[in-house]
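Trainee: Sequence first, predicted coordinates after that:
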Amino acid sequence: MASSIEIAGLRKNYGSLSVLDDISVSIKAGEFLTLLGPSGSGKTTLLMTIAGFVRPNAGSIKVDGREIVTLAPHKRNIGMVFQNYALFPHMSVGENVAYPLKLRGVGRGERDDRAKRALAAVRMEQYADRRIDQLSGGQRQRVAVARAIVFEPNIILMDEPLSALDKRLREEMQVELKRLHETLGRTIVYVTHDQKEALTMSDRVAVLKSGRIRQIASPRDIYDKPVDRFVADFIGDSGFVSLTDRGRGVDLAVSDGFRAAHVTGKADPLLLLRPEKIEIVSSPDAQPDLIRFDGVADDVLFQGDLVVVHATLADGTRLRLQRGTRQNTMRDLPAVGSRFRMAIHEEDAWVVSGVQAGEHAP
């Protein structure tokens, strides 16, 4: 059974340093929510307050409507997967997984049965008798997850559990954790600084900066419709072009309808340019819904599945655009040093404010 989490007005200070600044968020039962942000953004502190290892200075944390902010960690029925796995080297895999049940006074026979089921859920049942030092990094990660789910908690918290793995194994484990979430149906709160990891695994993503949630939304909306430049820049590759009247030297073909719908009311409006949405315009008869702009090709790089073009606009803005490597997509690539025209469809365009919350327009 999964539980809901309701966090309201959460604050945590270390002396004069504010680590969590009035955090409020509702997490639905069975949801996979990822806390994403740079180092020092407060994401791990927020996770640890939910777990009970950090006591907030103010605020409320309710699980299924029950206040737990003063409840001891072991009484919260929350499973925890730490960044370093925190496995016991003197115990076997099975003993590590069964340990939370031993602490809860569960008998030996039932402990063994439930540990086997938890290991089967992470596809590690054949390793029950192995020592921890005989396992790979990915296998240790699976054991840590099995230990977190063995006592059937309603909530599972994960603090950057894949950060120590290489790229290929990390991507494989992302799929495994997503599958496990779908199988168990538990509420998962997951911390990472890896944008692709957050987009791949989550039902929703909360982007944090300086102890505040800047945006919480689905992976698609976080990527396509960020609320400000910080979120846009933090989630994936991005470039920005000014849409102010002064234009800053970049000649943009922006329709009045687009300007009215997307630019009005925004301070220092910036057009967000994702590399995969920028097209190379080879025909002078461009479609009317294209926002067009010119630049100079600095580099054209072949990367196997992609060709990446680095370009510079008239105001010095540097952009990346990318495309697949099928033969028909390679024909109109610009030569290095040449001037060429780029475009983005209005329906793919998104405008953010260059002035972030709490700041003032120049």
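Mentor: That came through, no problem.
Trainee: which of the residues in whatever helix or strand residue 260 lives in are buried?
Mentor: Assigned by DSSP states H and E, residue 260 belongs to helix 256-262. By neighbour count, with 16 or more other Cβ atoms under 10 Å as the criterion, the buried positions of helix 256-262 are 258, 262. For every residue, glycine as well, the C-beta is placed using N, CA and C.
Trainee: Number of residues surrounding residue 107?
Mentor: 10 (other Cβ atoms under 10 Å).
Trainee: any idea how far it is from residue 39?
Mentor: The spacing between residue 107 and residue 39, counted by Cβ to Cβ, to the nearest Å, is 44 Å.
Trainee: Ok, residue 225 next?
Mentor: Taken as Cβ to Cβ, the span from residue 225 to residue 39 is 26 Å.
Trainee: Show me which of the two is the more surrounded one.
Mentor: Taking neighbours as other Cβ under 10 Å, residue 225 and residue 39 compare with residue 225 leading, 15 against 7.
Trainee: does the nearest residue in space to the more buried one that is not next to it in sequence have beta-bridge partners, and which?
Mentor: Distances taken as Cβ to Cβ, 6 or more residues apart in numbering place residue 350 nearest to residue 225, at 5.9 Å, with adjacent residues excluded. For residue 350, the beta-bridge partners are residue 272 (DSSP bridges).
Trainee: Show the pLDDT at residue 350.
Mentor: For residue 350, the model assigns a pLDDT of 93.
Trainee: Same question for residue 251.
Mentor: Reported pLDDT at residue 251 in the predicted model: 72.
Trainee: Help me confirm that it comes into contact with residue 315.
Mentor: No - counting by Cβ atoms under 8 Å, residue 251 does not reach residue 315; the two are 10.3 Å apart.
Trainee: Might one say that residue 169 is in contact with residue 138?
Mentor: Yes - counting by Cβ under 8 Å, residue 169 does reach residue 138; the two are 4.8 Å apart.
Trainee: Look at those two and report which has more neighbours.
Mentor: The neighbour count for residue 169 versus residue 138, taken as other Cβ under 10 Å, is higher for residue 138 (18 against 15).
Trainee: now for the helix or strand hosting the more buried one, which elements pack on it?
Mentor: Counting by DSSP H and E, the element that carries residue 138 is helix 137-149. Helix 137-149 sits against strand 78-81, helix 93-103, helix 108-121, strand 155-159, helix 167-184, with contacts defined as 3 or more Cβ pairs under 8 Å, 6 or more residues apart in numbering; DSSP states H and E.
Trainee: same question for it, mean pLDDT?
Mentor: In this model, helix 137-149 carries a mean pLDDT of 89.
Trainee: how much space is there between residue 9 and residue 56?
Mentor: For residue 9 relative to residue 56 (Cβ to Cβ), the value is 9 Å.
Trainee: of the two, who's got more company?
Mentor: Ranked by neighbour count (other Cβ under 10 Å), residue 9 and residue 56 place residue 56 first, with 21 against 12.
Trainee: wait, the more buried one sits on residue 7?
Mentor: No - in this structure, residue 56 is not within contact of residue 7 by Cβ under 8 Å, at 9.5 Å.
Trainee: Need the CA coordinates for stretch 301-313. PDB is fine.
Mentor: What follows is stretch 301-313 as a C-alpha-only set of coordinates in PDB (Å, rounded to 0.1, in the frame of the first residue of the first chain):
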ATOM      1  CA  LEU A 301      30.800  17.500 -35.100                       C
ATOM      2  CA  PHE A 302      29.900  13.900 -36.000                       C
ATOM      3  CA  GLN A 303      29.000  11.900 -32.900                       C
ATOM      4  CA  GLY A 304      27.800   8.600 -34.400                       C
ATOM      5  CA  ASP A 305      24.000   8.900 -33.900                       C
ATOM      6  CA  LEU A 306      24.000  12.700 -34.000                       C
ATOM      7  CA  VAL A 307      25.600  15.600 -35.900                       C
ATOM      8  CA  VAL A 308      26.100  18.600 -33.600                       C
ATOM      9  CA  VAL A 309      26.500  22.100 -35.000                       C
ATOM     10  CA  HIS A 310      27.900  24.900 -32.800                       C
ATOM     11  CA  ALA A 311      26.800  28.300 -34.000                       C
ATOM     12  CA  THR A 312      27.200  31.900 -32.900                       C
ATOM     13  CA  LEU A 313      24.600  34.600 -33.400                       C
END
